[in-house]
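A.B. asks: Need a 3D model of the following:
(2 chains)
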There are 2 protein chains.
Amino acid sequence: MNADDATQQASRWLAALGYALASSDIEGAARLFEVDGFWRDIVAFTWNIKTCEGRDEIKAMIAATLAGSKPAAWALEGKAAHNDGLTEAWFNFETGVGRGKGHLRLRQGRCWTLLTALRELKGFEEQSGPSRELGLEHGVRRDLRSWLERKDEDEAELGHTRQPYCVIVGGGQGGIALAARLKCLNVPAIVVEKNARAGDSWRKRYRSLCLHDPVWYDHMPYIPFPDHWPVFSPKDKIGDWLEMYVKVMELNYWSATPCLGARYDERAGEWQVRVEREGKPLVLRPKQLVLATGMSGFPNLPDVPGADSFKGTLVHSSQHLGGEPYRRKRCVVLGANNSAHDICADLWEHGADVTMIQRSPTVVATSDALMEYAWSRLYSEAAVKAGITTDVADQTLASIPFKVMPALQRPVYEKIRQRDAKLYEGLEKAGFLFDFGEDGSGIHSAYMRRGAGYYIDVGASQMIVDGRIKLRSRVGMARINERSVTLTDGAELPAELIVFATGYGSMNGWAAQLISQEVADRVGKCWGLGSNTRYDPGPWEGELRNMWKPTQQPGLWFHGGNLMQARHYSLYLALQLKARLEGLPAPVYGLPKVHHLS
Amino acid sequence: MNADDATQQASRWLAALGYALASSDIEGAARLFEVDGFWRDIVAFTWNIKTCEGRDEIKAMIAATLAGSKPAAWALEGKAAHNDGLTEAWFNFETGVGRGKGHLRLRQGRCWTLLTALRELKGFEEQSGPSRELGLEHGVRRDLRSWLERKDEDEAELGHTRQPYCVIVGGGQGGIALAARLKCLNVPAIVVEKNARAGDSWRKRYRSLCLHDPVWYDHMPYIPFPDHWPVFSPKDKIGDWLEMYVKVMELNYWSATPCLGARYDERAGEWQVRVEREGKPLVLRPKQLVLATGMSGFPNLPDVPGADSFKGTLVHSSQHLGGEPYRRKRCVVLGANNSAHDICADLWEHGADVTMIQRSPTVVATSDALMEYAWSRLYSEAAVKAGITTDVADQTLASIPFKVMPALQRPVYEKIRQRDAKLYEGLEKAGFLFDFGEDGSGIHSAYMRRGAGYYIDVGASQMIVDGRIKLRSRVGMARINERSVTLTDGAELPAELIVFATGYGSMNGWAAQLISQEVADRVGKCWGLGSNTRYDPGPWEGELRNMWKPTQQPGLWFHGGNLMQARHYSLYLALQLKARLEGLPAPVYGLPKVHHLS
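C.D. replies: Down below sits the predicted model:
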């Protein structure tokens, strides 16, 4: 099928969907999908992020949301493409309150996957491009305030004499990206961040850290990195970028402001958020509270007997600053994922004697292989050249239902296994436990399921192969002694430094710490798909739990993830908050039950 | 002629030029031009910025530069366009040392205007896009320094144990843009700036100041403003942007560092630049010295008798901070150009009684009219939509010889006069002296000829029309008394504030102040075209004097102008400096004689 035929086919299908919905013909609309087809909706119909799997779920969703959403004006954007029996196309549509963009994939005339995503609210569009502000008032009048005076006044008022609509706890990339979206939507918001400067959440990590995702994946909204930005950003460089971003986006960013706790006042329908501002306690009273404290923010600390007796230094990976002080010292790193590898390499670079303790298998793929096979189609220089904008890439990724992702990923890892066969052989010989996940679907799955469990190799795997990093695998830490650790196989390793590279707990741990255990339990586990693989128990959810969408606790939201997610999903979270601020109807469909507490 | 025919015509013409040059057929090459045709070369053939006017000048230039420049690989870029008998096309070419881009306009088969501009040096290309740095070293090795450590070390060394190749005096947009270009070309450079923070040169101006040029004209290189940036940037917002830019571009920017003086050591072929760094004197020894102190940087202060006796406040416009303290005070502003208007408006807004003293006619056009008739084709949202990138806009502008610009501008101002007829009538009635320049070619000409003489109206003209701003025109200031000024017509105006909005002197005044009068006289007047209009005496130069190109003083360069010029010409100045650093042959053709000392 050529592009014109595919375009005609997609156009016809879209018109049929539009007609069925306009006629409230729910059966007819559902029949346009494959029996096992998918409709992923982001905030357009469901005011939720939800993948309906199969015609029954699709029917139920349409039945519940059609009257409220009033979809219309379905129109193809550009030409469709046809490859391998699949017709793909982009389209635009409207709802009663907003404008959306979508993507469809047809197989033999029926829809396999449909994405509908809200992009802007009518009457509350961002002022950008042709609608940008003028910046000065033509026609001079008395007592006109300058930009700086207005900004200073606004900053002096907000949080003091005027309450923000939204408080975002945590000022990493997630909090910053969301605050930027809210700024452009005129939603009064304050970010509270415990660190002294924006970007410190990166700066304070171990010295050799670079982003493991390439630059094309990492752009912040509104101000992309310039073309000379390196592929893998060093942590301090990202820190400086975020600091500048906060400044020029004019965010209300309260640094050096720890959040002490929060409580929901049911009657007032608002939060009381206790913060420490310039050394003094202050209570903020927003309607909405977003925890953007980081999915890698709440350290997991294993309870190893004897830890108190240790005479050396014992830290979680998030507190480890660098190998500098450990020349010729014996160091033991518990864990075998990204941070563990980076920290072991950094320690070795500084002349330490370092042993990694690996308890369970790690998904390993080299950065080069991922660049070649995983990133290249959407996030690469080649993609840029092919006209795939960051936004198109993000939405393409969003258009793939989580259910079908593993099947698409497995062949990628088959290729990677062949490409780097020598490395994998070496790792095997060294006793390193690796796989591509329980179902062979690799790093992306591991990240979505548990936010961990992998190493994107930038060199440390070879160091394990050749013994520069010593390895003990299939063992755990049984006991910590004054100057050593005892492993579960009885071996004893002398140690002056112990690093727990043991990852992070579910984000609802933050809710427990900042709000209450009761609220944490009410919202339940964050992240993970319910894949029924290790650390991601079922039942199947089809979406990341609690992320960027309504939770069981009114007015409480979770925002987190990597830079790509911070960029893309901040838009949808911002639209949900804006709709509530403006009193638009935003009935939530399909709020999931809570199956796991953490 | 349709686009295909035009493309063929342009392609043929370009091939003929390439063939003539390759055959050293200088006569043949010149005959491809109209008798009065133009060839503007920016650093590609001449290592100068030079417009050759007419076949004789073109022949002389080719004869002198052909052997050294070795042009080749002339190739059209995209399709040509044909409008009103004119065929226009973009093309690429190479020289022995670099790659260039050019633009041509043909009339009846012969070339009316040709632009050739060097864009990069072979072997010294910027690392950008596909050639960007990786950012981390794959394959870990001992003693690898992190990005931050390398940056800190570089900053600690440069200017102390290692000399910069280039020192830029002045850290406004000009110095910053140039430093960014040099950074991307790996030319070690330090910007010395007397103010405490980057951006202060804007922040310290009067409070109501906004840029008079729209956002599309104002982008800095590498990091354009985001799409929600206002059309006219408030001064403090631009200040913040520049400060962030300096940080994320990792410039060696020494703020709070006044330059005390500079001396050229002929024997060593280097400068001794005395600066005050953290309170202590320090001598920098660069090979190249750039004065980017601003074409609006060296205040013109008229010598009015009695000024010392004045009991009120007397300031130059550059020192005036805002109208706040002058409620109900009587204020006299000498001058009738941009700053004078802005300051009068600001004073009135704050409740002052304000009188403008206009000595000679001002070119006035409303900002709206300029947006509609002057900017829109190249610098506007419509231009962006039409695919005209900032770089294409800049080069299109650069492709128009200064000689033909007035004839192109006059019709624009005819339209503007009609569009805003009512405003001009009102101004006339109010006694305000206005014209569109001696030859009716308006603001662009005034800016190129003398860098002043106009008001881009954003409201103050109406305030003159309706008397909110009082006006005394056709008079000067004869004497300043203790509490008043006496005008040349004998009238006396009570005054508590006097503002000299009297503009700025030629940039070689900075050379006189920082280096010596002898060097200032050797390089002569900066800016201006030799148009033989007021403040721009002949002979005709065809280019701006001394700007962004070699001067009569080895190793001394002038960089300045508005944001567009800072952006565009910084590239060519940076390439000239890079070529010298790398020891590439860069023989300068057509270094102009000095006709005026200031």
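
A.B. asks: need the residues of the stretch 451-598 of chain A near chain B, please.
C.D. replies: Residues of the stretch 451-598 of chain A lying close to chain B (CB under 8 Å from any CB of the partner chain) are A:Val458, A:Gly459, A:Ala460, A:Gln462, A:Met463. C-betas here are computed from N, CA, C, even on glycine.

A.B. asks: what residue lies at the spatial centre of chain A?
C.D. replies: A:Gly561 (2.3 Å; CA atoms, centre = their mean).

A.B. asks: Skip the chain neighbours and tell me the closest residue to it.
C.D. replies: A:Met295 (5.8 Å; CB to CB, 6 or more residues apart in numbering or on different chains).

A.B. asks: List the residues that contact the one you found.
C.D. replies: A:Gly451, A:Tyr504, A:Met507, A:Cys526, A:Trp527, A:Gly560, A:Gly561 (CB atoms under 8 Å, 6 or more residues apart in numbering or on different chains).

A.B. asks: Strands of the stretch 51-200 of chain A, start to end?
C.D. replies: For the stretch 51-200 of chain A, the strands defined by DSSP state E, counting those that start in this stretch cover A:72-83, A:86-94, A:98-107, A:110-121, A:166-169, A:189-192.

A.B. asks: So for the fifth one, mean pLDDT?
C.D. replies: Averaged across strand A:166-169, pLDDT comes to 98.

A.B. asks: Residues contacting that strand, please?
C.D. replies: By CB under 8 Å, 6+ apart, strand A:166-169 touches A:175, A:178-179, A:182, A:187-192, A:259, A:262, A:271, A:273, A:284, A:286-293, A:510, A:514, A:559, A:577.

A.B. asks: Which of those fall in helices?
C.D. replies: Among the contacts of strand A:166-169, the members falling in helices (DSSP state H) are A:Gly175, A:Leu178, A:Ala179, A:Leu182, A:Trp510, A:Leu514, A:Leu577.

A.B. asks: Among those residues, which one sits closest to chain B?
C.D. replies: A:Leu182 (12.9 Å; CB to the nearest CB).

A.B. asks: List the beta-bridge partners for the nearest residue to that closest one once chain neighbours are set aside.
C.D. replies: Once flanking residues are discounted, A:Leu182 sits nearest to A:Ala189: 4.4 Å by CB to CB, 6+ apart. Applying DSSP bridges to A:Ala189 gives these bridge partners: A:Cys166.

A.B. asks: and the gap between A:Ala189 and A:Val167?
C.D. replies: Separation of A:Ala189 from A:Val167 (CB to CB, to the nearest Å): 7 Å.

A.B. asks: Likewise for A:Arg110?
C.D. replies: Counting by CB to CB - A:Arg110 and A:Val167 are separated by 46 Å.

A.B. asks: Which residue of the two possesses the greater neighbour count?
C.D. replies: Neighbour totals were compared for A:Arg110 and A:Val167, and A:Val167 leads with 26 against 13 (other CB atoms under 10 Å in any protein chain shown).

A.B. asks: Excluding sequence neighbours, find me the nearest residue to that one.
C.D. replies: Nearest non-adjacent residue to A:Val167 (CB to CB, 6+ apart): A:Pro286, at 4.3 Å.

A.B. asks: correct me, but the one you found touches A:Val273?
C.D. replies: Yes - the pair A:Pro286 / A:Val273 is scored as a contact, 6.6 Å apart, by CB atoms under 8 Å.

A.B. asks: Looking at those two, which is more packed in?
C.D. replies: Here A:Pro286 and A:Val273 are set side by side on neighbour count (other CB under 10 Å), and the busier one is A:Val273, at 25 against 22.

A.B. asks: ok, that one - contacts?
C.D. replies: A:Val167, A:Val169, A:Val192, A:Cys259, A:Gly261, A:Ala262, A:Val283, A:Leu284, A:Arg285, A:Pro286, A:Leu289.

A.B. asks: one more time with 6 Å, if that's ok
C.D. replies: For A:Val273, the contacting residues are A:Val167, A:Ala262, A:Leu284, by CB atoms under 6 Å, 6 or more residues apart in numbering or on different chains.

A.B. asks: rewinding a little: next one: the residue nearest to A:Gly561 from chain B, what distance?
C.D. replies: 23 Å (CB to the nearest CB, to the nearest Å).

A.B. asks: Likewise for A:Ile388?
C.D. replies: Distance from A:Ile388 to chain B, by CB to the nearest CB: 14 Å.

A.B. asks: Kindly report the same for A:Trp375.
C.D. replies: Using CB to the nearest CB, we find A:Trp375 at a distance of 14 Å from chain B.

A.B. asks: neighbours around that residue, how many?
C.D. replies: 18.

A.B. asks: do the one 5 residues further on as well
C.D. replies: Neighbourhood size, A:Ser380 [other CB under 10 Å]: 22.

A.B. asks: same check, this time on the one 3 residues further on
C.D. replies: By the measure other CB under 10 Å, the count of residues near A:Ala383 is 19.

A.B. asks: In the stretch 51-200 of chain A, where is pLDDT below threshold?
C.D. replies: Along the stretch 51-200 of chain A, the model assigns pLDDT under 70 to residues A:137-143.

A.B. asks: no wait, chain A
C.D. replies: A:137-143, A:296-297.

A.B. asks: Dump the strands of the stretch 51-200 of chain A into JSON lines; add distance to A:Pro592 as well.
C.D. replies: Output for the strands of the stretch 51-200 of chain A, formatted as JSON lines (distance: least, CB to CB, whole Å):
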{"stretch": "strand A:72-83", "distance to A:Pro592": "28"}
{"stretch": "strand A:86-94", "distance to A:Pro592": "25"}
{"stretch": "strand A:98-107", "distance to A:Pro592": "22"}
{"stretch": "strand A:110-121", "distance to A:Pro592": "19"}
{"stretch": "strand A:166-169", "distance to A:Pro592": "23"}
{"stretch": "strand A:189-192", "distance to A:Pro592": "26"}
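
A.B. asks: All good on my end, thank you.
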